[in-house]
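Trainee: Have a look; sequence and predicted model below, questions after that.
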Amino acid sequence: MDLQAQLHSGENRGLNIDHQVSRGDGAEGLRGMLKGLIEWLNEQLPNLNLPAETSLETFRACLLGGPTLGHLLNSLSPGAVEMGVRSEYHLAIVERFLSTLDKMGLPGFEVSDLEQGSMVKVLECLHELKSYFTSDVDRGPAHNRERSWNLPQMESTDGSDSFQADEPQSTKFGPEKRRNSWGSKFQTVLHNTALSGNLGPDVKISDLVKWNSLDKAPTQLLFSMIERVMDESFERKSADLFLHLACLQQNSLYKSREGKYQSRVKALETLAVGASEESEVAVNHLWQIKTEKIKLEEKKEHDEQNVLRLIGEKDERDAEIGALRQELEAAKISYGKHCLRLESQAKDTKAELGKKIKDLECLLALSTKKMREFEEISEYEIQKLKNRELRYHCFVDSHFGFLQELREDLDSVRREVLKTREWYPVEFQHLGMKLKELLDAAENYHVVLAENRKLYNEVQDLKGNIRVYCRIRPFLPGQNEKHTAIEYIGENGELVVVNPLKQGKDSRRLFKFNKVFGPTANQEDVFKDTQPLIQSVLDGYNVCIFAYGQTGSGKTYTMTGPDMALEKDWGVNYRALHDLFQISQSRRSSILYEVGLQMVEIYNEQVRDLLTSDGSQKKYPFLRFLGSTYHNQPNGLAVPDASMHHVNSTYDVLELMKVGFMNRAIGATALNERSSRSHSILTVHVRGTDLKNDSVLRGCLHLVDLAGSERVDRSEAAGDRLREAQHINKSLSALGDVIFALAQKNSHVPYRNSKLTQVLQSSLGGQAKTIMFVQLNPDVESYSETISTLKFAERVSGVELGAAHSNKEGRDVRELMDQVHIYGAS
Ligand SMILES: Nc1ncnc2c1ncn2[C@@H]1O[C@H](COP(=O)(O)OP(=O)(O)OP(=O)(O)O)[C@@H](O)[C@H]1O
């Protein structure tokens, strides 16, 4: 059957694609069409060997397996299936076919239609082509003249039946064998043509068209021929096209092929129907896909919303995480700080604990030590108690023995009492006689006592009412003992001083005192000669003891003693008062003594109470001097208007003197070392009442620490210092004048020349006793001060030893000086 017939028969068999599509037979029709097509294909192309029940998918895969239209069309030629042809080759053929259709003005299809399996357009194209050719035939030779077939005249090189394929044919049987017999040369040309896609320029279409062997030529070759004819015809616009086509039509080949292609077209139509159904399925599938797509889009939208929401949530979470991170950082920092704090606290606590542990260990060690000591002590105490118990037992035993002895003694005493009772009246009478004698003696006792006091006073008077003792201070630490001005100290009160600036006999001077105490003499030695005068005070006489000398010569040391002195270092003051209380106590059976104390200071001719109880430091002058107003005082004593303190013991005196020294010290701070610039006077008033006849004794003791006697050069001193010096000089020379007048037994004694002599008046002169300690500084640098002090002493004592050469004393002195010279020289 030729192609036209096959197309027609296909149409008649209901394989028309339009018909199939418009009918919309659906899947059933498509399957039927596919079945018919497969039968036809298997018939035409037995080597396709498609199974009868091939599905549309399998069919399409089969077509697309090598799968271009060119291949298919080639395959449609019986026994023309070419093995191993590449897809590019088929693609090129299809493209050429499509371009030819385009030039012919026929509708084509896309290569992708074949690849995607859509056969509708392919079949439409074939249908159009069929119609085209049908209408050409119908239009007759005039119309055919417009088309010329210009098939090349294929000549066999070997002159025989031309085209013979080169490819091996050993595996081909039946129809294939027939095709192989088609002529090797022609096969080679076709094959080369197929590979190149051209018939070659040297092949004439007219020759090919006339060639009888074309009935066995592959379909592709035929199409190539058609294409060539058409190309040539269009290019040349020749009317040979129809001539060539007519030739082809007249060619038995064309006719035989037409039948074949009709069936093929039908098959393709069937295929197209199947494809349209398939496309319907595909449309449905596409619809489903669209629906799914919409759903997916919705889902995507939903997912996007979710994503947005999740992004929002993520941002929130991020913000939260950021905040949490910050919190975490802050917490970390605070935790770190806290850790550091805790660590430092732990360190401190550890150190503290370590310290406490050490303390506790020390305490424990101490406690252990104490415990051991206590154990030892308790053991010792237990032992002691045991010993005591033992002793107690011994004691009880011995006392028991004593008790026995006492009982025996009691018995003997009883016996004695009995015996005594016998001679008691005789003894009693004897005692009565003796008592009468004692009463007679007692009546004379006070007379004897008064006589005794008188005699004692006469003895003191014989010793001298004015006694001058010299005391030489030892060198102080740091002073050079070799630089001394004291050369000789005699046992009978002689003192030789040496002038370092003079040579020979003139350099030495001799002085005579009641006694000279050297640097080694202690406080007790110094007080020994003073002690007898304390009894005189209690006997109703006035005594004045004072120390005279330059600053630092030891006046306070002699009168009071050093600071915080022990009993052995007590000065004259304490010792005198101590004796006073002792003697008064020893006389308490016959005389009752009352002792009062006053302490004043004279500074710049002004008197100040050092024992004021109100603590106020009144301004000078604050004491009204009462002079010798004996009778104005309740106790009949002449005292300045200073406070009087009653004392019963040495302790009382010590306490009051502390107050006095303290007040003097306060004043000293205010007035620049006033202790050296003022006279301090401690006055002890004694009032004794005779218990037998109530007669009253009054005595007074003045203990005076004078101001420094050093002369202040007028040119050096000025202001307060000059005024102080003037007052001191005046009062000391007044004292010297008074004592000198007393010593000379002058009728006039100039007491009133100074406050000092007025205060001391009661103790100077008359029956009063005066002791002066002349204090000397041994240092040679103080030589001039020493000499002036010694001159004062000479004047007071009334004996000018250094000048008395003519009298007996003077001779003694010369001898003494000679001795001293020898002594000093040796
Ligand atoms: N006999 C002595 N033995 C030991 N030390 C003495 C003796 N005499 C004086 N001193 C010391 O010498 C120093 C001066 O003595 P002290 O103060 O008694 O002198 P002063 O003449 O009273 O002086 P002032 O006029 O300044 O009161 C003191 O340190 C004192 O202890």
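Mentor: Perfect, I can see it now. Numbering: from 1, shown residues only.
Trainee: Going by C-alpha atoms from here, please, whenever you check contacts or count neighbours.
Mentor: Will do.
Trainee: What is the neighbour count of residue 346?
Mentor: By the criterion of other Cα atoms under 10 Å, residue 346 has 14 neighbours.
Trainee: for the helix or strand hosting it, packing partners?
Mentor: Following DSSP states H and E, one finds residue 346 within helix 252-463. Where contact means 3 or more Cα pairs under 8 Å, 6 or more residues apart in numbering; DSSP states H and E, helix 252-463 is packed against helix 3-12, helix 17-23, helix 26-44, helix 56-65, helix 120-139, helix 531-538.
Trainee: If you compare the directions of that helix and helix 531-538, what angle comes out?
Mentor: Orientation check (axes from the mean of the first three to the mean of the last three Cα atoms, to 10 degrees): helix 252-463 against helix 531-538 gives 80 degrees.
Trainee: what sits up against the helix or strand that comes right after helix 252-463?
Mentor: For helix 252-463, the following helix or strand on the C-terminal side (DSSP H and E) is strand 466-472. With Cα atoms under 8 Å, 6 or more residues apart in numbering as the test, strand 466-472 has contacts from 493, 513-519, 553, 739, 743, 769-778, 793, 797.
Trainee: one more time with 6 Å
Mentor: 513-519, 770-776 (Cα atoms under 6 Å, 6 or more residues apart in numbering).
Trainee: Sitting in strands, which of those residues do you find?
Mentor: With strands taken from DSSP state E, the overlap with the contacts of strand 466-472 comprises 515, 516, 517, 770, 771, 772, 773, 774, 775, 776.
Trainee: from those residues, which two are the most distant?
Mentor: Across those, the longest distance by Cα to Cα is 19.1 Å; it joins 770 and 776.
Trainee: Hmm, residue 690 is touching residue 589, no?
Mentor: No - with contact defined as Cα atoms under 6 Å, residue 690 does not count as touching residue 589 (9.3 Å).
Trainee: Of all residues in the stretch 701-826 of the chain, which one is closest to the ligand?
Mentor: When Cα to the nearest ligand atom is the measure, the stretch 701-826 of the chain has its nearest residue to the ligand at residue 708, with 4.5 Å between them.
Trainee: give me every residue that touches that residue.
Mentor: Residue 708 makes contact with 549, 550, 551, 676, according to Cα under 6 Å, 6+ apart.
Trainee: The last one reaches residue 706, doesn't it?
Mentor: No - checked against Cα under 6 Å, the pair residue 676 and residue 706 is beyond contact range at 8.0 Å.
Trainee: what about residue 432, neighbour count?
Mentor: Neighbours of residue 432 (other Cα under 10 Å): 11.
Trainee: ditto for residue 308
Mentor: Neighbour tally, residue 308, other Cα under 10 Å: 12.
Trainee: Quick check: it vs residue 293, distance?
Mentor: 21 Å (Cα to Cα, to the nearest Å).
Trainee: now swap in residue 326 and tell me
Mentor: Residue 326 is 46 Å from residue 293, by Cα to Cα.
Trainee: now do residue 302
Mentor: On the measure of Cα to Cα, residue 302 and residue 293 end up 13 Å apart.
Trainee: how about the residues of the stretch 151-300 of the chain near the ligand?
Mentor: Counting by Cα under 6 Å from any ligand atom, the stretch 151-300 of the chain comes close to the ligand at no residue.
Trainee: For the ligand, what's its nearest residue on the stretch 151-300 of the chain.
Mentor: The nearest approach of the stretch 151-300 of the chain to the ligand comes at residue 300, 118.5 Å away (Cα to the nearest ligand atom).
Trainee: May I have the beta-bridge partners of the closest residue to residue 653 other than its chain neighbours?
Mentor: Of all residues not flanking residue 653 in the chain, residue 647 sits nearest, at 6.4 Å (Cα to Cα, 6 or more residues apart in numbering). On the basis of DSSP bridges, residue 647 is bridged to residue 595.
Trainee: cool, and residue 771?
Mentor: Assessed by DSSP bridges, residue 771 has beta-bridge partners residue 467, residue 545.
Trainee: Low-confidence stretches in the stretch 351-500 of the chain?
Mentor: When residues are selected by pLDDT under 70, those of the stretch 351-500 of the chain lie in 442-446, 460-464.
Trainee: Also the stretch 601-750 of the chain?
Mentor: Applying pLDDT under 70 to the stretch 601-750 of the chain picks out residues 613-641, 665-675, 711-718.
Trainee: can you pull out the helices in it?
Mentor: 650-670, 719-743 (DSSP state H, counting those that start in this stretch).
Trainee: To residue 381, which of those lies closest?
Mentor: Of the helices of the stretch 601-750 of the chain, nearest to residue 381 by Cα to Cα is helix 650-670, at 39.9 Å.
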